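*Asks:* Pasted the sequence and its predicted model underneath.
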Amino acid sequence: MGFCFSKLRNYLKKLLFSQFRIAFRTGICKLKWRRKREGGACPIFTHITQYSKDSRADHPVYCLKNDLGTEVGFVALGAAIAFVKTPDRNGHLINIALSLCSYEEYSRSDTYSGATIGPAAGRIRNGLLPILGTEYSLQKNDSGNTLHGGTNNLGHSLWEIGEFFCGPDEAGIVFKARLNDGQNGFPGERHFGVRYTLSSDNTLKIRYTAVTDKTTFLNLTNHTYWNLTGDFTKPCDSIVLQINAEEVYFNDADHLPVSCESTVGTPFDFTSPRPVAEAMKSAPAHSQLQNARGYNNAYVLRDACLPAASLYDPKSGRHVTVATDYPCLVFYSGGYLSEAGFTADGQKIAAGSAYALEAQYPPDAPNLLGKDAPLLFPGDVYHKEISFHFDTL
């Protein structure tokens, strides 16, 4: 059995017994929702299994699956999305989210695959954080800048399981974490929550919450890489992208935003659906594309009432729609993914084989936006959402 029976039993008693009926099977502990709703049981079920490539220790993957066949797995390290299996137009299931080859890779990889990124997604210039007239010196972990909040950030931290829950049309899991005041130079003791839900209509929703005891800057996002073909061994050139933005930030050589530019007539224009490979080939010598081996730019979303972005694979019919209340979306086309090694099912990961769509505030917002930078104050609660809706066309 993948888990020590007594250890798992005690763990589940503590967290889940009031909500679940437990039935053990070889290698998997399946947990069926106990709570009822009108018309039958909760439409989502969850189970826990061992991470596939780790034989030395038990590393649980918490899974949600709905009646449409979509299944999403999560690991506590980084409160990360470990896989997303969705059907194509013929009902064939495949994983479309980049999964790293072992649990240990999630703890050390610079890929941050599927992870919750924070406390500050992206880079902060020179590791200097201005907040209300005070400049905080941050740990520098990226060529003299601070990336994702420094080392031991949320993406490489082991989160606690807060709760499992079930509603009439959705079920989910909550992860919780804490960062100490002064950790990596950031002010405030900060408490974080990430709530994942999978609905019966095929929407995966992420809700971030946070509080602090000192004024601070937060910028949380999710770093899942998507390839709707499921083949991570080659660039996903067939994928069609649309982004609801007419402006994009151009970066300097350190991948920090320096100017906001129009996308019109450029390879950055995805206001209408467009294959990413086609857009890149339209201006292969563009300095921004050369800078990041493709795209790694923050788009300014133009209408919060519209979806932020969508991905579509014409061959399989798989379609993902991204919605958010964040003002920006960073599109990273995976130019450095060849350094990521292998997937959980043994595929050699190729450069450009998956795309990250990271809804967030602008990177380096305190320096870029000055007094207009979003700050979190004591007594306030950070609330942000990102959702991914899966269907076929």
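*Replies:* Yep, that arrived.
*Asks:* where do the helices sit along the stretch 51-200 of the chain?
*Replies:* For the stretch 51-200 of the chain, the helices defined by DSSP state H, counting those that start in this stretch occupy 103-108.
*Asks:* which outside residues touch stretch 143-153?
*Replies:* 112, 117-127, 129, 138-141, 154-155, 183-186, 254, 256 (C-beta atoms under 8 Å, 6 or more residues apart in numbering). Where C-beta positions appear, they are placed from N, C-alpha and C, glycine not excepted.
*Asks:* Pull out the buried residues from that stretch.
*Replies:* Neighbour-count burial for stretch 143-153, counted by 16 or more other C-beta atoms under 10 Å, picks out 145-150, 153.
*Asks:* C-alpha coordinates for the one helix or strand His383 maps to, PDB please?
*Replies:* Using DSSP states H and E, His383 sits within strand 382-392. Extracted C-alpha coordinates of strand 382-392, given in PDB (Å, rounded to 0.1, in the frame of the first residue of the first chain):
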ATOM      1  CA  TYR A 382      -5.900  40.000  -0.300                       C
ATOM      2  CA  HIS A 383      -8.500  38.500  -2.600                       C
ATOM      3  CA  LYS A 384      -7.700  37.400  -6.200                       C
ATOM      4  CA  GLU A 385      -9.100  34.700  -8.500                       C
ATOM      5  CA  ILE A 386      -8.000  32.800 -11.600                       C
ATOM      6  CA  SER A 387     -10.100  30.200 -13.400                       C
ATOM      7  CA  PHE A 388      -9.500  27.700 -16.200                       C
ATOM      8  CA  HIS A 389     -12.500  26.400 -18.000                       C
ATOM      9  CA  PHE A 390     -12.000  23.200 -20.100                       C
ATOM     10  CA  ASP A 391     -14.100  22.200 -23.100                       C
ATOM     11  CA  THR A 392     -13.800  21.100 -26.700                       C
END
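*Asks:* buried set for that strand?
*Replies:* 382, 384, 386-392.
*Asks:* same check, this time on stretch 61-75
*Replies:* Buried residues in stretch 61-75, defined by neighbour count with 16+ other C-beta under 10 Å: 61-66, 68, 70-75.
*Asks:* Next, give me the two most distant ones among the residues you listed.
*Replies:* Distance extremes for the buried residues of stretch 61-75: the farthest pair is Leu68 and Val75 at 23.1 Å, using C-beta to C-beta.
*Asks:* any idea how far the residue positioned nearest the centre of the chain is from Ile117?
*Replies:* In the chain, the C-alpha nearest the mean C-alpha coordinate belongs to Asn222, at 2.2 Å (C-alpha atoms, centre = their mean). Relative to Ile117, Asn222 is positioned 7 Å away (criterion: C-beta to C-beta, to the nearest Å).
*Asks:* Now do the shared contacts for the two.
*Replies:* With C-beta under 8 Å, 6+ apart as the test, Asn222 and Ile117 both reach Glu358.
*Asks:* Can you tell me the closest non-neighbouring residue to Thr233?
*Replies:* Using C-beta to C-beta, 6 or more residues apart in numbering and skipping the chain neighbours, the partner closest in space to Thr233 is Gln347 (5.1 Å).
*Asks:* Also Gln183?
*Replies:* Using C-beta to C-beta, 6+ apart, the nearest residue to Gln183 is Asn152, at 7.6 Å.
*Asks:* again with Ser353
*Replies:* Leaving aside its sequence neighbours, Ser353 sits nearest to Phe232 (C-beta to C-beta, 6+ apart; 4.4 Å).
*Asks:* Glu163 too?
*Replies:* Spatially, and ignoring its direct neighbours in sequence, Glu163 is nearest to Val174 (4.9 Å; C-beta to C-beta, 6+ apart).
*Asks:* in the chain, which helix or strand is least confident?
*Replies:* Least confident helix or strand of the chain, by mean pLDDT, DSSP states H and E, is strand 20-25 with a mean of 22.
*Asks:* before we move on, the earlier item: which single one of the buried residues of stretch 61-75 is nearest to Leu376?
*Replies:* Phe74 (24.9 Å).
*Asks:* Next, find the distance separating the spatially closest residue to the closest one that is not a sequence neighbour from Phe83.
*Replies:* Spatially, and ignoring its direct neighbours in sequence, Phe74 is nearest to Tyr62 (4.8 Å; C-beta to C-beta, 6+ apart). Between Tyr62 and Phe83 the distance is 11 Å, computed by C-beta to C-beta.
*Asks:* Please consider this matter closed, and thank you.
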